[in-house]
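Q: need a structure here:
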Amino acid sequence: RLEAERVKAGDSFTTWRIADGLSGDFIRDIAFEGSRVVWLATENGVTRLDHGGTPSNKADDSYTIFRMSDGLTAATVMSLAVDSAGRKWFAPLNGGINVLTDGGTAAKADDSWTAYGVANGLPHVAVEDIVQADATSMWLADAKGLVHFDHKGTIAATGDDVVSVIDTSHGLAGDWPQVI
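A: This next block holds a predicted model:
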């Protein structure tokens, strides 16, 4: 919410919508990758928006949309994060965690996707929020509590992952945190 006294004459605002290239108009989460790229979690997938270095000029924007056909396990994405290695972590609605590893080109074909769910050690597939803890681990807010997910630096190899859950038995106020 912008307070009236903080908005000054000459301030400008830019609004992006589906008509501009977004996957959806309901933005659930935002993550930044460098100074030009903004990742947006929506009700209809994820948008990668490269504003071309000029956020107020839509003419140099480029958009890439990621949906279930690309590797997401659900259409609505609740949260997302970009880790220090450049991997993108998505929390699709009741879809566990999806990790996008960029193949190094603009083409989606060379990207790789990894999906984590209960079979991979997550306590629940309803993940509400994701935050990087350190170079090899993430914090997740899910329906069973606060989850520390340590992937040991190997995304595709899920056999060495370590999952720890903090819940009400450890002093957490409730078992379903919404935000970290």
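
Q: Could you check which helix or strand contains Asp29?
A: Using DSSP states H and E, the element containing Asp29 is strand 27-33.

Q: Provide the secondary structure category for Ser56.
A: coil (DSSP: H, G, I helix; E, B strand; the rest coil).

Q: what about the residue nearest the centre of the chain, distance to Asp175?
A: Closest residue to the average C-alpha location of the chain: Leu80 at 1.1 Å, with Cα atoms, centre = their mean. Using Cβ to Cβ, to the nearest Å, Leu80 is found at 23 Å from Asp175. Bear in mind the C-beta positions are built from the backbone N, C-alpha and C, glycine included.

Q: Likewise for Ile155?
A: Applying Cβ to Cβ, the value for Ile155 to Asp175 is 27 Å.

Q: what about these two, which has more around it?
A: With neighbours defined as other Cβ atoms under 10 Å, Ile155 and Asp175 compare such that Ile155 has more, 20 against 17.

Q: which SS state does the residue nearest to Gly21 when sequence neighbours are not counted fall under?
A: Spatial nearest neighbour of Gly21, excluding adjacent residues (Cβ to Cβ, 6 or more residues apart in numbering): Tyr63 at 3.4 Å. With three-state DSSP as the basis, Tyr63 sits in strand.

Q: other SSEs contacting the strand holding Asp29?
A: The helices and strands touching strand 27-33, judged by 3 or more Cβ pairs under 8 Å, 6 or more residues apart in numbering; DSSP states H and E, are strand 37-42, strand 77-82.

Q: gap between the last one and the chain center?
A: With Cα atoms, centre = their mean, to the nearest Å as the basis, the distance from the averaged C-alpha position of strand 77-82 to the chain average is 2 Å.

Q: Could you name the helices and strands sitting against it?
A: Using 3+ Cβ pairs under 8 Å, 6+ apart, the elements in contact with strand 77-82 are strand 27-33, strand 37-42, strand 45-50, strand 88-92, strand 127-134.

Q: In TSV, list those along with distance to Phe149 and mean pLDDT.
A: TSV is the format used below for the helices and strands packed on strand 77-82 (distance: least, Cβ to Cβ, whole Å; pLDDT from 0 to 100):
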stretch	distance to Phe149	mean pLDDT
strand 27-33	17	96
strand 37-42	18	96
strand 45-50	19	96
strand 88-92	9	97
strand 127-134	8	95
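
Q: quick one: Ile18 from Ala31, how far?
A: In terms of Cβ to Cβ, Ile18 sits 20 Å off from Ala31.
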